[in-house]
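**Student:** just to be clear, the model below is a prediction. Sequence and coordinates:
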Amino acid sequence: MGTKKNSNKKKTTTTTKKIVVEEKEVKPVEEEKKPKKKKLRLRRWVWLVLFLICVGCLIASGIEFYMWSMDNKHTDEQIKEIEEMATVEELPEDEEKEEIINPPQNNGNYESDYWKYIKLPLINVDFTELLKKNSDTVAFLKVNGTNINYPVVQTDNNDYYLSHSFDKSNNQAGWVFSDFRNQLDNLKDNSVIYAHGRVNKTMFGSLKNIFENNWYKDTDNYIVNLATPHNSYLFQVISVYKIPTETYYITTNFGTDESFQKFIDTILSRSVYNFNVEVTPEDKILTLSTCYNATDKAVLHAKLIKRQALD
């Protein structure tokens, strides 16, 4: 009888332990389900936020592209209208009126192209209709080897024509404009003209051609024509380069020959090509500047070699 009682006690104890063990095994499984659900919800929210950001970026990009396209369309219309209203002709050669500027004194070990370029024609532009369209018109610029063949405007600051077209309408393509410090009928040491470097090659977009080998190989490209209602100028290219945004190369007046000579030496040393041109403080420099990319500017410098008064 005693043996049976002990046996029953053992069975009861064993059963109780099993139940406890089973309860312990069930509890952790139930507790793990809650954090997993929270993680899934968090992931869904993250993906939803990322999706909304992507959609927003696409919409913003679409709007920006639309505005860019509309600005380009309006600019193209302006260019076409200008081509119809502006008469640009070659001036007949007149040795009595033409003034040869600062001819080189010493050619060194090379043959100067100066003597070839001064035989090229100057241009004459009828500004009548251009001035009716925009009274800020001060000149007409033509750059060989590029699409640059535009009237130049000028106002009392260097901001307005960054966001206005030739007809003064709002346009992020802007227009070709002269630095407000310039006096294009009374040239300073350095006269500066700006425009946006548009991807579609309008404005100064095609100025980037100066870094292409084909442009450099063709020496006919080393010429810039600039005409005002009172004067016509011919410039010879002396330096082209890319540089982070700065103010030094757009300085217009240097005060002393020493300062101007230092400027000349600096811009010649920056050039990606050697144009073998003699430049002195007696020369007048024309500078064309545009954006090459988000941080750098594309720059062309040329010196005056011929001028003719049109009055």
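**Tutor:** Cool, the structure landed.

**Student:** residues near the spatially closest residue to Arg198 that is not a sequence neighbour, how many?
**Tutor:** Nearest non-adjacent residue to Arg198, counting by C-beta to C-beta, 6 or more residues apart in numbering: Gly205, 3.9 Å away. Placement of C-beta: from N, CA and C, glycine included. Neighbour count of Gly205, defined by other C-beta atoms under 10 Å: 21.

**Student:** Gly205: what's it in contact with?
**Tutor:** Asn147, His196, Gly197, Arg198, Val199, Thr290 (C-beta atoms under 8 Å, 6 or more residues apart in numbering).

**Student:** just the buried members of the residues you listed?
**Tutor:** Asn147, His196, Gly197, Arg198, Thr290 (16 or more other C-beta atoms under 10 Å).

**Student:** from these, which land in helices?
**Tutor:** With DSSP state H as the criterion, helices contain none of those.

**Student:** pLDDT weak spots in this structure?
**Tutor:** 1-39, 60-61, 63-68, 106-111 (pLDDT under 70).

**Student:** the same query, at a cut-off of 80, please.
**Tutor:** Counting by pLDDT under 80, the chain shows low-confidence ranges at 1-70, 95, 105-112.

**Student:** ranges for the strands of it?
**Tutor:** For the chain, the strands defined by DSSP state E occupy 88-90, 98-100, 123-125, 137-143, 149-153, 177-178, 190-194, 223-227, 231-244, 285-291, 296-309.

**Student:** can you tell me which of the ones you listed is nearest to Asn72?
**Tutor:** Closest to Asn72 of the strands of the chain is strand 149-153 (C-beta to C-beta; 15.0 Å).

**Student:** let's see the closest one as PDB, backbone CA atoms only.
**Tutor:** Output of strand 149-153 as PDB, limited to C-alpha atoms (Å, rounded to 0.1, in the frame of the first residue of the first chain):
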ATOM      1  CA  ASN A 149      25.200  86.600 -83.200                       C
ATOM      2  CA  TYR A 150      23.100  88.700 -80.900                       C
ATOM      3  CA  PRO A 151      22.300  92.300 -79.900                       C
ATOM      4  CA  VAL A 152      23.900  93.200 -76.600                       C
ATOM      5  CA  VAL A 153      21.900  95.100 -73.900                       C
END
